[in-house]
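Q: Just the structure for this:
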Amino acid sequence: MLPKYAAENFPQIRALVQGLTHIAKNHDSTPAQIALAWILAQGSDIIPIPGTKSIQRLEENAQSVEIRLTDRELEEIRVLVQVGVPGTRYPAVMMDGVLGETPPL
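A: Prediction:
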């Protein structure tokens, strides 16, 4: 089990997904496209690099540049993101292997 997806974290994950889904419906888009549009709205010096495993998702991600979020939507997403999602991505025993060669900041 990945710590981030432990049962106790699901309410916060669900709140984030529901918030993005609500905004996505207003734009006839996906929550992923809304997340990318929000990142793009943070400034011209911010460039998201989404991972994808299919051409369909690549094309879907590229469409996010056409989405214009309102100031209210940007703020709603900012609040959702500030709440965050608890838990690490990987179990503690795996973290050294994942970040073992990463130099300190």
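
Q: Show the low-confidence segments of this structure, by residue range.
A: The model of the chain has pLDDT under 70 over residues 1, 96, 99-105.

Q: how about Leu2, what does it touch?
A: Gly87, Arg89, Tyr90, Pro91 (C-beta atoms under 8 Å, 6 or more residues apart in numbering). Where you see a C-beta, it was placed from the backbone N, CA and C, and this is true even at glycine.

Q: Give me the buried positions along stretch 66-76.
A: Ile67, Leu69, Glu73, Glu76 (16 or more other C-beta atoms under 10 Å).

Q: could I get those as a markdown table with secondary structure and distance to Ala6?
A: Conversion of the buried residues of stretch 66-76 to a markdown table gives the following (DSSP: H, G, I helix; E, B strand; the rest coil; distance: C-beta to C-beta, whole Å):
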| residue | secondary structure | distance to Ala6 |
| --- | --- | --- |
| Ile67 | coil | 32 |
| Leu69 | coil | 31 |
| Glu73 | helix | 30 |
| Glu76 | helix | 26 |
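
Q: So which residue is smack in the middle of the protein?
A: Ala35 (5.3 Å; C-alpha atoms, centre = their mean).
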